[in-house]
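[1] turn this into a structure:
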Amino acid sequence: MDDTIPRSSKPTQQTIADATGFAVTTVSRALANDLKISQKTRNKVAAAAEDLGYVPDRAAQRLRTGRTNVITLVLDPHSEVPGFTSSMIAGIADVVRSTKYHLTIMQYQLGEDPLEPIRFLVRNKQADGIIFTRTVQDDPRVAFLLEHEFPFVTHGRTKFGNHAWFDFDNRMFAKIAARRLVDRGCRTIGIIPPSQRFTYTKYMIEGFQEAISEFGVTGVVASGFDLNVGPDALYKHVGEWIKEADGIDGLICPGEVSAITAYAAIVDAGLRPEVDIKLVAKQTSVVFDHLRPKIDTVKEDLEAAGRELMRLMLRHLSGEKPGKLQLLETPADNPPD
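    Modelled structure (predicted):
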């Protein structure tokens, strides 16, 4: 690199061209990772850009290409899964950092229209692709994005079969959890369901009912409350449910908050967790690692889910058909220690 070339406060592609001896058009194509430009040239341009502190003018790029190089993750601040947001972001960021894309986060509040942030992003051309979570069967966000032919990936399935998604197999989670409780001698097994409006609830309850029928035991699905009522209300409802649903000796908790509140409700009812009522919980963080007596868990890796969502998004943006970008993660059935 020619050290005699002065550095401006904001280096441009012309600055890189002057430093490397390439034409501006070559620099532009190299920065865009055009495969028709040799790897040696792309490497030299990239090194010069880093040395000069070059930052692409995203506004200019957007005007020129119609692309923002932005992928937006749309989330709501639910509380039934500790660390959901941070784990998901960490996984997505782990993949996106090596690409030309930037990750932005858009949050909406519980009770607000989940379609509104999607409309805003599409109509104002604020992103090239959208990732969102907590799908429902007839999800209006999916219908809107399909209608506008806008790239997106969902964390969870819908009734629409022709879009990209990543999902955890909650049907298999429920079957694994029920079998473990049966193997430990439980004959009346309860489950605290997620909200009925979410797609994954359907698969989880189907798996639970299949397991109950297969193993010949009694199954009880909690009614009148679900994971979304909040910890205090959940504690109250679980305590009442345990007393009313006489004979429950096994309990499936599809989240850590529900398992912790159930644990407390069992103790406060004068019963012994893991003795009078045995538990199996879905684990998404390290919350249970040092709890005694130890709770049996089936793990869901949300950080890995974030990485897979981002990989699917990149494949979508590269032109792969979204209907072929669908991945169902089967939970590992690792027996408890």
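[2] show me where this protein has its helices.
    Listed in chain order, the helices found in the chain under DSSP state H are 13-20, 24-31, 39-52, 58-65, 84-96, 115-123, 140-147, 170-183, 199-215, 231-244, 256-268, 302-317.
[3] show me the contact partners of the longest one.
    Read that as helix 199-215. For helix 199-215, the surrounding residues in contact (Cβ atoms under 8 Å, 6 or more residues apart in numbering) are 135-137, 139, 156-158, 167-175, 178-179, 182, 189, 191, 193-195, 218-219, 221, 226, 252, 254. The way it works is simple: take the backbone N, C-alpha and C, and place the C-beta from them, glycine included.
[4] list only buried entries from the residues you listed.
    When burial is judged by neighbour count using 16 or more other Cβ atoms under 10 Å, the buried members of the contacts of helix 199-215 are 135-136, 139, 156-158, 167-175, 178, 182, 189, 191, 193-195, 219, 226, 252, 254.
[5] picking up where we left off before, Arg292 is nearest to which of the helices of the chain?
    Shortest distance between Arg292 and the helices of the chain, using Cβ to Cβ, is found for helix 256-268: 11.0 Å.
[6] follow-up on the earlier one: filter the contacts of helix 199-215 down to the ones in strands?
    Counting by DSSP state E, these place Asp167, Phe168, Ile189, Ile191, Thr218, Gly219, Val221, Ile252 in strands.
[7] residues contacting the nearest residue to Gly250 once chain neighbours are set aside?
    Counting by Cβ to Cβ, 6 or more residues apart in numbering, Cys186 is the residue found nearest to Gly250 once chain neighbours are left out, at 3.1 Å. Contacts for Cys186 were tallied using Cβ under 8 Å, 6+ apart; they are Val217, Asp249, Gly250, Lys278.
[8] redo that, cut-off 6 Å
    With contact set as Cβ atoms under 6 Å, 6 or more residues apart in numbering, Cys186 has these partners: Asp249, Gly250, Lys278.
[9] quick one: mark the members of those that sit in strands.
    Among the contacts of Cys186, the members falling in strands (DSSP E) are Gly250, Lys278.
[10] among the contacts of Cys186, which ones are buried?
    Burial by neighbour count, judged by 16+ other Cβ under 10 Å, picks out Asp249, Gly250, Lys278 from these.
[11] picking up where we left off before, format the contacts of Cys186 as a markdown table; extra columns: distance to Phe152 and pLDDT.
    A markdown table is the format used below for the contacts of Cys186 (distance: Cβ to Cβ, whole Å; pLDDT from 0 to 100):
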| residue | distance to Phe152 | pLDDT |
| --- | --- | --- |
| Asp249 | 44 | 94 |
| Gly250 | 39 | 95 |
| Lys278 | 41 | 95 |
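[12] endpoints of stretch 185-200, how far apart?
    Separation of the first and last residues of stretch 185-200 by Cα to Cα, to the nearest Å is 28 Å.
[13] next one: that stretch to chain centre, how far?
    21 Å (Cα atoms, centre = their mean, to the nearest Å).
[14] same question for that stretch, mean pLDDT?
    Within the predicted structure, the mean pLDDT of stretch 185-200 is 93.
[15] about what we covered before: just send the buried ones among the contacts of Cys186 back as CSV, with distance to Arg42 too.
    Supplementary listing: the buried ones among the contacts of Cys186 in CSV, determined by distance: Cβ to Cβ, whole Å:
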residue, distance to Arg42
Asp249, 64
Gly250, 59
Lys278, 58
